[in-house]
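Visitor: Next input, structure requested:
(2 chains)
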Amino acid sequence: MHPNKWLLFLGCAIPYRVSSYEISARKVLAKLDVELVEMPEFNCCGLPLNPVSHETMMILAAKNLAIAEQQNLNILTLCPGCAITLKKVNKTLNEDQTQKNKINHHLKKATLEYKGTTQTKHLLQFLKENVGIEKIKTTIIHPLTNLKVAEHNGCHILRPKKLITFDDPEDPQTLKTLIEATGATCLDYTDKTQCCGAPSVGINDKIALQLAHNKLSHIKQVNAQALITICPFCHIMYDTNELRIEKTFNEVYGIPILHYPQLLGLAMGIAPSMLAFEELRVNAQKITQQFAMQGTKDHE
Amino acid sequence: MTQPMSPQGKERPIKASEIDPNFKYELQKIHGLENFLHCFQCGTCTSDCPVARFSDNYRPRTLIHMAQLGLKNQVLTSDTLWLCAACFTCTDRCPQNVDVAKAIQVFCNLAAENGYMPQLFRDQAQNLIETSYIYKIPEVRIKKRETQGLPPLPKNNPNTIKKLLKNIKFFKHIQQQTPQQLLGENKNASQ
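Guide: Numbering: from 1, shown residues only, chains lettered A, B, ... in the order given. This next block holds a predicted model:
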């Protein structure tokens, strides 16, 4: 396996409606000398259909893993749901020969075979373990001093804990450390590790919006200037729905929701236009004007 | 026991004929649910559940209890099952090491096998078969990638997915069965 070459797995939500995450992630990864290779073919990781068919989820995930194995490369995902699913299926099939045979029996129909040689990491784990905080710090030319933000890890980056090796689900540190590396302050708030509500959208929107509203109100309480996410679904939940939440609960938040790579990119001196800031629904101009005034032109 | 899952909020006695005494043993055989009977109803799952906090009737502890008692039919036709956000907080915090989230997922899988599931999943399954993704990514989005400086999405062959999933029980159901109405399902609320 090539240490600096990774297969980028996009999943469904990012190409569907969160291209700002993909654009900004590709920009910062290039600055960090990470070479991304496109998946030659991929399908849904399987997670969304796990509630209705565990077997379908296993086959979909194993197919993606088998395609990555053919490339002899490890997988990097931007979506925590994709990462935890590919990790889980990899672990299950590696430990259970009967299951592995069963899944391979299915994959044979597409002349594919799962061997179990590829590992998967989400961007957060990748930045911590493969790039390293020290290297990230060397790329910061415009520290975001005086910017106070809140973090939202989301569920699948931290839970279930038996699949998480790089952080503590009850007291996560990785995202906080990565935020602090940009020079910004990461504020603590109530219910920090709680779900955003996105999985309930389409099943019971009222509950989904209440969950997001609950979190946004805690974030507002600590006067965070922005919320930093690392998951396309959490981002949709807060950014796309913020106006709807404000209307439903008669509240005003106006909290911009940034993908972590957008925050990092600003600190690296990349121009906001190159980081797809204009695609955010909640206006983030206050932040881009304040923190991207100097040092951006030369680095576009 | 009362019936918190009753959609009309009506309580009535449970008949012995409604109970499937083997249900709990069937569940215990499923990989991940070996500890299922260790649940002693402490309620950690429900008190830590972010959805239960805002739902009047989604209670993971109650669903586990009902399954232990053999109320299979009521568990599998309940619309509240589908509110689980799969955040795994219950699984991580259960003092008896019961994988509560796995139990809910198994209930949902069994319900789906019998044709009970929210429309959302039928739509996503259909999209998957047609496009390899659970969403139909609009053509404008795919074209816009070029102007955004993004590489094109790979050309997938949807027939591969069809071939792989042809014999899966769930997909056979999607194509053959008419949707079953979930207990208490409010079409307006679930939109």
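Visitor: what sits up against stretch A:141-151?
Guide: Residues from elsewhere that reach stretch A:141-151 (C-beta atoms under 8 Å, 6 or more residues apart in numbering or on different chains): A:175-176, A:179, A:182-187, A:189, A:192, A:219, A:222-228, A:258, A:263, A:266-269, A:287, A:290-292, A:294-296, A:299. In this view, the C-beta of every residue, glycine as well, is placed from N, C-alpha and C.
Visitor: try it again with 6 Å
Guide: With C-beta atoms under 6 Å, 6 or more residues apart in numbering or on different chains as the test, stretch A:141-151 has contacts from A:175-176, A:179, A:182-187, A:189, A:219, A:224-228, A:267, A:269, A:291, A:295.
Visitor: Mind checking which of those land in strands?
Guide: A:185, A:186, A:187, A:226, A:227, A:228 (DSSP state E).
Visitor: you'd agree the fourth one is up against residue A:254?
Guide: No: applying C-beta atoms under 6 Å, one finds residue A:226 not in contact with residue A:254, separated by 10.4 Å.
Visitor: Compare the two (neighbour count), which wins?
Guide: Neighbour count, other C-beta atoms under 10 Å in any protein chain shown: between residue A:226 and residue A:254, residue A:226 has more, with 22 against 12.
Visitor: re earlier: would you format the ones in strands among the contacts of stretch A:141-151 as TSV with pLDDT included?
Guide: Listed next are the ones in strands among the contacts of stretch A:141-151 as TSV, based on pLDDT from 0 to 100:
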residue	pLDDT
A:185	98
A:186	98
A:187	98
A:226	98
A:227	98
A:228	98
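Visitor: what two of these have the greatest distance between them?
Guide: Put simply, by C-beta to C-beta the two of those set farthest apart are A:185 and A:227, 13.5 Å from each other.
Visitor: neighbour-wise, which of these two wins?
Guide: Between residue A:185 and residue A:227, residue A:227 has the larger neighbour count (other C-beta under 10 Å), namely 26 against 16.
Visitor: what bridges to that one?
Guide: Residue A:227 forms beta bridges with residue A:150, residue A:257, as assigned by DSSP bridges.
Visitor: List the contacts of it.
Guide: A:150, A:152, A:219, A:255, A:257.
Visitor: Equivalent analysis for residue A:103, please.
Guide: So residue A:103 contacts A:58, A:62 (C-beta under 6 Å, 6+ apart).
Visitor: What are the buried residues along the helix or strand it falls within?
Guide: Taking DSSP states H and E as the definition, one finds residue A:103 inside helix A:97-107. Within helix A:97-107, the residues that qualify as buried are A:99, A:100, A:103, A:104, A:106, A:107, counting by 16 or more other C-beta atoms under 10 Å in any protein chain shown.
Visitor: ok so residue A:7 is a strand residue?
Guide: Yes: counting by DSSP: H, G, I helix; E, B strand; the rest coil, residue A:7 falls inside a strand.
Visitor: Walking through the stretch 151-300 of chain A, point out its helices one by one.
Guide: Using DSSP state H, counting those that start in this stretch, the helices of the stretch 151-300 of chain A run over residues A:174-181, A:205-221, A:232-235, A:242-249, A:260-267, A:285-291.
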